[in-house]
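Novice: coords please:
(2 chains)
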There are 2 protein chains.
Amino acid sequence: MAGAFDTTLPVVTTENRDGSGPFLIVCEHASNHFPAEFGTLGLEAETRAAHIAWDPGALGLARGLSQALDAPLVAAGISRLIYDLNRPPHASGAMAARSEVFEVPGNAALTQQERQKRTEQVYLPFHAALHAEIARLLSMDRPPVIVTVHSFTPVYHGQRREVELGIIHDADPTFAKAVLAEAEALTGLTCRLNEPYSAADGVTHTLRLQATPYGLHHVMLEIRNDLLADDLAVASLSDGLAPVLTAALARIGTSKRKASA
Amino acid sequence: MAGAFDTTLPVVTTENRDGSGPFLIVCEHASNHFPAEFGTLGLEAETRAAHIAWDPGALGLARGLSQALDAPLVAAGISRLIYDLNRPPHASGAMAARSEVFEVPGNAALTQQERQKRTEQVYLPFHAALHAEIARLLSMDRPPVIVTVHSFTPVYHGQRREVELGIIHDADPTFAKAVLAEAEALTGLTCRLNEPYSAADGVTHTLRLQATPYGLHHVMLEIRNDLLADDLAVASLSDGLAPVLTAALARIGTSKRKASA
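Specialist: The predicted model follows:
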């Protein structure tokens, strides 16, 4: 590992590591924490609380799913504006100078050294921790289904988004399509495959880096954040989505057994 | 990172980190070292020196290419029979109980804990070190071309292999095909694409995990090990292959510029 990491930075937390369910939950945009070391990037407190700094409600939903599914959870502890963990180090969006309609002054003129420091102190330890969890489960012959949990803003560039639950995949659509079918059957949500964006928009980096190389089933859940407005709403959605994931896994398990019979 | 690593284990060495060339050289099977902690797996010294324990000559060639191309080199320091770093943790070949015609007694009845320990102490730190090098280069906007260096035995299961230089790729064949063209033009070697084996045989794990998720150009070089019998032969092959890699990169660079012109 290059360089010494400041272990006081809450870059990543792993919860419920002993969970024995088939899923592994990931929440890259869990926090809008700005560590003193990186400053506030020139943003007002109001902007640092907005959706460009994190995915509001996503951590609560991820924790609810982790509990309901007895699944390990790997969650980030730093704002996506310091480093967006769902982007590779050479992507402009990794340390975005502009996000939707907001300028991010502290990211406008980053030096090569600053980009390298954030990569080493945030990106690498987060993905190393996630990789360690996946490798541990693989070494026990328990390949996990990877579920990344995100939220999106109801209004983007002035446009209202109708989709409530976006279901996104990287290379292999198998599990995502099963989630779509079960979500439409079991919930009243407006569901869409690969909306409000898809792998072609570069939003599946975590899945591409961590799930696809191992052939792991995976899905990225994108929930419109007005459905995650308070703890009660988050708990309700978690109660609704946990059985969707379980049923989706059973669905592809069944079809696989049939195919090989 | 799960667990505490024994940092006295020479799991991975990174050399020439300041190299400023466009390549990053990787050598997963560089060493036939068996650390005392893992024992000799019940193998005689002669077997531990054979091709099943490592890729004889590969490290010398990798170092020669690293010097000639001014490229960083990430090399392993432990036998592939302890953990084959070019295999995922759930593959039977990661800690093989049998390799070609050899039984490996110490791998015949590994417990889940032993598999997990080797994964945490060998696989994870090696791939974390390689990932760190790649991420560092990406953060500097210098996406490296990944070149993994291997050797293979001239006789396998009693069959003589005619190929001298195998040129293997993961998902994207672009760079490998350019290497094939230049190797045929510039060397007298018998060259083959995706021989003596290919991605379908599960031999491109490192490329799949580290190069393909970032869209990096890559190639796996497999050299028949009778061409690497001594230092002089290794130096000669390194002198021959370094210009091949440079010419192959120029070739795809040129075709790309033409395509976008």
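
Novice: Using PDB, write out every CA atom in stretch A:229-243.
Specialist: Output in PDB follows, covering the C-alpha atoms of stretch A:229-243 (Å, rounded to 0.1, in the frame of the first residue of the first chain):
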ATOM      1  CA  ALA A 229     -37.200  11.600   4.100                       C
ATOM      2  CA  ASP A 230     -37.200  10.300   7.700                       C
ATOM      3  CA  ASP A 231     -36.400   7.200   9.800                       C
ATOM      4  CA  LEU A 232     -40.000   5.800   9.400                       C
ATOM      5  CA  ALA A 233     -39.800   6.100   5.700                       C
ATOM      6  CA  VAL A 234     -36.400   4.500   5.600                       C
ATOM      7  CA  ALA A 235     -37.500   1.600   7.800                       C
ATOM      8  CA  SER A 236     -40.600   1.100   5.600                       C
ATOM      9  CA  LEU A 237     -38.600   1.000   2.400                       C
ATOM     10  CA  SER A 238     -36.100  -1.400   4.000                       C
ATOM     11  CA  ASP A 239     -38.900  -3.700   5.100                       C
ATOM     12  CA  GLY A 240     -40.200  -3.600   1.500                       C
ATOM     13  CA  LEU A 241     -37.000  -4.100  -0.300                       C
ATOM     14  CA  ALA A 242     -35.400  -6.900   1.800                       C
ATOM     15  CA  PRO A 243     -38.000  -9.500   0.600                       C
END
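
Novice: Show me the contact partners of it.
Specialist: A:57, A:60-61, A:64-65, A:67-69, A:183, A:186-187, A:189, A:221, A:223, A:227-228 (CB atoms under 8 Å, 6 or more residues apart in numbering or on different chains). The way it works is simple: take the backbone N, C-alpha and C, and place the C-beta from them, glycine included.

Novice: Equivalent analysis for stretch A:201-211, please.
Specialist: Defining contact as CB under 8 Å, 6+ apart, one finds that stretch A:201-211 is touched by A:26, A:28, A:85-88, A:91, A:93, A:127, A:130-131, A:134, A:146, A:148, A:168-171, A:197-199, A:216-218, A:220, B:213.

Novice: If any of these are buried, give me the ChimeraX selection for them.
Specialist: Selecting the buried subset of these in ChimeraX, with 16 or more other CB atoms under 10 Å in any protein chain shown as the burial test, is done by:
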select /A:26,28,85,86,87,88,93,127,130,131,134,146,148,168,169,170,197,198,199,216,217,218,220 /B:213
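
Novice: before we move on, the earlier item: any of the contacts of stretch A:229-243 buried? List them.
Specialist: A:57, A:60-61, A:64-65, A:67-69, A:183, A:187, A:189, A:221, A:223, A:227-228.

Novice: Can you flag which of the residues you listed belong to strands?
Specialist: Among these, the members found in strands (DSSP state E) are A:221, A:223.

Novice: Which of the buried ones among the contacts of stretch A:229-243 fall within helices?
Specialist: Counting by DSSP state H, these place A:60, A:61, A:64, A:65, A:67, A:68, A:183 in helices.

Novice: Low-confidence ranges, chain A, go.
Specialist: A:1-9, A:254-261 (pLDDT under 70).

Novice: Mind listing what's buried along the longest helix anywhere in it?
Specialist: Using DSSP H, we find that the single longest helix of chain A is helix A:231-260. By neighbour count on 16+ other CB under 10 Å, the buried set for helix A:231-260 is A:233-234, A:237-238, A:240-242, A:244-249, A:251-252.

Novice: Write out the residues of the stretch 51-200 of chain A neighbouring chain B.
Specialist: By CB under 8 Å from any CB of the partner chain, the residues of the stretch 51-200 of chain A that approach chain B are A:88-90, A:112, A:115-116, A:118-120, A:123-124, A:127-129, A:131-133, A:135-136, A:138-141, A:143.

Novice: and the residues you listed, which are buried?
Specialist: Applying 16+ other CB under 10 Å to these flags A:88-90, A:115-116, A:118-120, A:123-124, A:127-129, A:131-133, A:135-136, A:138-139, A:143 as buried.

Novice: need the strands for chain A, in chain order.
Specialist: Under DSSP E, chain A gives strands at A:12-15, A:23-27, A:73-76, A:98-99, A:102-103, A:145-152, A:155-156, A:159-160, A:165-168, A:191-193, A:218-224.

Novice: okay, these in CSV with distance to residue A:33 next?
Specialist: Listed next are these as CSV, based on distance: least, CB to CB, whole Å:
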stretch, distance to residue A:33
strand A:12-15, 11
strand A:23-27, 13
strand A:73-76, 9
strand A:98-99, 17
strand A:102-103, 18
strand A:145-152, 17
strand A:155-156, 24
strand A:159-160, 29
strand A:165-168, 25
strand A:191-193, 31
strand A:218-224, 21
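
Novice: Show me the one of the ones you listed that comes nearest residue B:178.
Specialist: Proximity to residue B:178 (CB to CB) singles out strand A:218-224 among the strands of chain A, at 32.2 Å.

Novice: Who does the closest one pair with, and is each partner parallel or antiparallel?
Specialist: strand A:145-152 (parallel), strand A:165-168 (antiparallel) (DSSP bridges).

Novice: Could you check the angle it makes with strand A:23-27?
Specialist: Interaxial angle of strand A:218-224 relative to strand A:23-27 (axes from the mean of the first three to the mean of the last three CA atoms, to 10 degrees): 50 degrees.

Novice: by how many degrees do strand A:218-224 and helix A:58-68 diverge?
Specialist: Using the same axes, to 10 degrees: strand A:218-224 against helix A:58-68 is 130 degrees.

Novice: All set, thanks.
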